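A.B. asks: Test case, fold it:
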Amino acid sequence: MTAFANLVEHLADLLQPLFHGSSAAAAIILFTAFVRLLVHPLSRAAARGQRARAALQPRVAELRKRHAKDPKKLQQAVMALHAEEKVSPLSGCFPSLFQLPAFFLLYHLFSNPEIGGRTNGLLTHRLLAAPLGDRWADALTGDGLLGPAGLVYLGLFALVAAVATFNYRRMKLVMAANPMTVNVGGGGEAVPGLASAAKFAPFVSFFTLFSVAAMPLAAALYMVTSTTWSAAERALLYRWQLTPQTSDRAGARTGTQSST
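C.D. replies: Numbering: from 1, shown residues only. Prediction:
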C-alpha cells in the first residue's frame with residue numbers, strides 16, 4: 001500500500017504544474033487510463049469470444065431443442081461445442097477481474113487516515129473543491145447540495161448519467177437488431193430468466209450513480225473514468241452487434257455444412 005501511495009504522490013507531483021490542487025485527481029484519471037490500456041488486449045479477446053459465441057447460437061438452440069428434457073446432457077453438449085470451437089464462455093470476465101486490484105487499492109488508499117504508520121497526505125488533495133477522501137454525504141453535510149463540493153459531485157453524476165444513457169440507447173439498438181428468442185419450440189423459456197434479464201440489462205449502467213455517491217471520491221473517479229472508457233471501447237469493439245445476426249441464415253449454413 002505504501003508503494004502505491006508513493007506512486008500516486010509522485011505522479012501528482014509531476015502533474016502539479018498543470019493541474020495545481022487537482023493534480024492527484026488527474027493522477028488517478030491517468031492511472032485508470034493506464035490500467036485500461038494494459039487490459040485492452042483482454043477486452044479485444046473478450047470481444048472476439050463474444051462474437052464467436054454469437055455465431056454459435058443457432059447450434060446452441062438446436063442443442064436446447066434436442067436435450068430439452070435433460071439439462072445435464074444439454075450442459076455437457078454446450079460445453080463440448082465450446083471446446084470444439086475453442087470458445088471460452090468465461091473470456092468476457094477477464095477484463096473486469098484484472099481491474100479489481102487497482103480499484104480496491106485506490107479505495108483503501110483514500111479510506112485510511114494512515115498509510116505505513118504515517119498520516120495519509122493524499123487525503124488533503126482535492127478535485128476542485130471536493131476532498132478525494134470524502135463521499136457525497138460529506139459534501140451534503142458540509143456546504144450542501146449546491147455548495148462547491150456538492151457541485152463537483154453533481155458534475156460527476158451528470159457525466160455518469162450521460163454515459164449510462166449512451167449505454168442504454170446502444171443496448172436498445174443492439175436488442176432491436178438482434179431480438180432474443182426466448183421460446184424454443186413453444187416449450188417455454190429457453191433459458192430461465194432470460195426475458196427478465198433482457199428487459200433489465202439496458203438499465204444496469206445507471207446503478208453506477210449509486211456507487212459513485214457511496215464511495216470515496218478518488219475511487220469514484222476511477223469508476224467514472226473506467227466506465228466512460230468501457231462505453232467507448234464497447235462501441236468500437238462490439239459495433240458488429242448493431243448488424244442483424246440472422247440466426248436462420250446461420251442455422252441454414254450450419255445445416256448445409258453438416259449435410260456435406
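A.B. asks: Show me which residues of the helix or strand where H82 lies are buried.
C.D. replies: Counting by DSSP states H and E, the element that carries H82 is helix 71-84. For helix 71-84, the buried set under the neighbour-count rule, 16 or more other Cβ atoms under 10 Å, comprises 74, 77-78, 82. Backbone N, C-alpha and C define where each C-beta goes, glycine included.
A.B. asks: Now it: average pLDDT?
C.D. replies: Per-residue pLDDT over helix 71-84 has a mean of 84.
A.B. asks: and after it, which helix or strand comes next?
C.D. replies: Counting by DSSP H and E, what follows helix 71-84 is helix 94-109.
A.B. asks: pull the CA atoms of the helix holding H82 into CSV?
C.D. replies: This file holds the C-alpha atoms of helix 71-84, laid out as CSV (Å, rounded to 0.1, in the frame of the first residue of the first chain):
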residue,chain,number,x,y,z
PRO,A,71,-30.5,-30.2,-18.6
LYS,A,72,-27.3,-32.2,-17.6
LYS,A,73,-26.9,-33.6,-21.1
LEU,A,74,-27.6,-30.1,-22.6
GLN,A,75,-24.9,-28.6,-20.4
GLN,A,76,-22.4,-31.2,-21.5
ALA,A,77,-23.3,-30.8,-25.1
VAL,A,78,-22.9,-27.0,-25.0
MET,A,79,-19.5,-27.3,-23.2
ALA,A,80,-18.4,-29.8,-25.8
LEU,A,81,-19.4,-27.4,-28.5
HIS,A,82,-17.5,-24.5,-27.0
ALA,A,83,-14.4,-26.8,-26.6
GLU,A,84,-14.7,-28.0,-30.2
